[in-house]
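below is the structure, and that's it, no one-letter string:
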């Protein structure tokens, strides 16, 4: 899992409206600078729901080409802590077919945030992309 926990901290700060400031972290891979890497962005057009037990073709563009990680963050009413769930990691292609969870895997009212991370992080947000909240379940 490349950097799921750092992304989780970002997501949680957004959801809890907490402002977090930190000193910049140097780029871990000196072969790349911010201008060398096109931002990672989903090409997949997500609808209003993610249906259960269905194949969803995820596709994105950009990044360093050194690897990607896909995940989702499930959220439901009265949930206290949010954790990312890995879909796939160590991907070298910019597409993946995801079999979504079965309908009984999460309570009614669950939403997902789907994300993709690049293996190389930079000082800006170009190394990942996340969706907004998407309802999980039948339409």
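It's in. Note that the structure is predicted; figures quoted are calculated from it, not measured.

contact partners for residue 106?
With contacts taken as CB atoms under 8 Å, 6 or more residues apart in numbering, residue 106 has the following neighbours: 74, 76, 136. To be clear about C-beta, it is placed using only N, CA and C from the backbone, and glycine gets the same treatment.

mind checking the SS state of the residue nearest the centre of the chain?
Ranked by distance to the mean C-alpha position of the chain (CA atoms, centre = their mean), the top residue is residue 115 at 1.4 Å. The three-state label given to residue 115 by DSSP: H, G, I helix; E, B strand; the rest coil is strand.

isn't it right up against residue 125?
No. Using CB atoms under 8 Å, residue 115 makes no contact with residue 125, being 11.7 Å away.

in the chain, which spans are helices?
Under the criterion DSSP state H, helices of the chain are mapped to 4-15.

which stretches of it aren't confidently modelled?
Across the chain, residues meeting the criterion (pLDDT under 70) sit at 1-36, 122-123, 139.
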